[in-house]
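[1] the following comprises the amino acid sequence and a computationally predicted model.
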Amino acid sequence: MTEKIALTPKTHTTPPAKFSHGVKKGNILQVAGQVGFLPAEEGRPPTPAGPTLREQTLQTLANVKAILEEGGASWDDVMMIRVYLTDTGHFVEFNEIYDRYFQEQGIMQTAPARTTVYVGLPAGLLIEIDALAVLG
């Protein structure tokens, strides 16, 4: 039986409830919903990268990437991305940031499937992203 492994990069704080930032089992890696918190620092509470959608989106993508790498995956292994926005007015801006990010990274020849929904998040947070990767 394949072992299930919890993933928590050094850049991430302990989750606020009983869940893992990422879980890998066999060649499947599920990244839990990530938000735009800056890398963890001892004694500092989780802090958003900034007040703008751009700042939070880029940090959120960096946080997802850190978990992918911790599990031995890359963006090219990602099959599905789910995006959670707090404001329907952010959809167009988010798509521009998202497309440019992956274009600048020169990655993901074949874009993963994606779903975008609108949710409530804690005050000050504008976006959350999770991802499913298949390795190998």
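    The structure has been received and is ready for your questions.

[2] what's the spacing between residue 134 and residue 76?
    Remark: distance between residue 134 and residue 76 (C-beta to C-beta, to the nearest Å) = 11 Å. Where C-beta positions appear, they are placed from N, C-alpha and C, glycine not excepted.

[3] intersection of neighbour lists for these two?
    Residues touching both residue 134 and residue 76 (C-beta atoms under 8 Å, 6 or more residues apart in numbering): there are none.

[4] give me the sheet partners of the helix or strand harbouring residue 32 and which way each runs.
    Using DSSP states H and E, residue 32 sits in strand 28-34. Paired strands of strand 28-34, with direction, are strand 22-25 (antiparallel), strand 127-134 (antiparallel) (DSSP bridges).

[5] looking at those strands, which is closest to residue 33?
    Set against residue 33 and scored by C-beta to C-beta, the strands paired with strand 28-34 come closest in strand 127-134, at 4.4 Å.

[6] out of the strands paired with strand 28-34, which one sits most buried?
    strand 127-134 (a mean of 21; mean count of other C-beta atoms under 10 Å).

[7] residues touching that one, excluding its own?
    Against strand 127-134 from outside (C-beta under 8 Å, 6+ apart): 27-36, 53, 56-57, 60-61, 64, 68, 71, 73, 77-86, 90, 94, 112, 119, 121.

[8] repeat that with 7 Å
    For strand 127-134, the external contacting residues (C-beta atoms under 7 Å, 6 or more residues apart in numbering) are 27-36, 53, 56-57, 60-61, 64, 68, 73, 77-85, 121.

[9] what's the answer for stretch 19-34, then?
    2, 4-8, 12, 15, 60, 63-64, 67-68, 70-71, 73, 84, 128-136.

[10] now intersect those with the strands, please.
    Using DSSP state E, the subset of the contacts of stretch 19-34 located in strands is 4-7, 84, 128-134.
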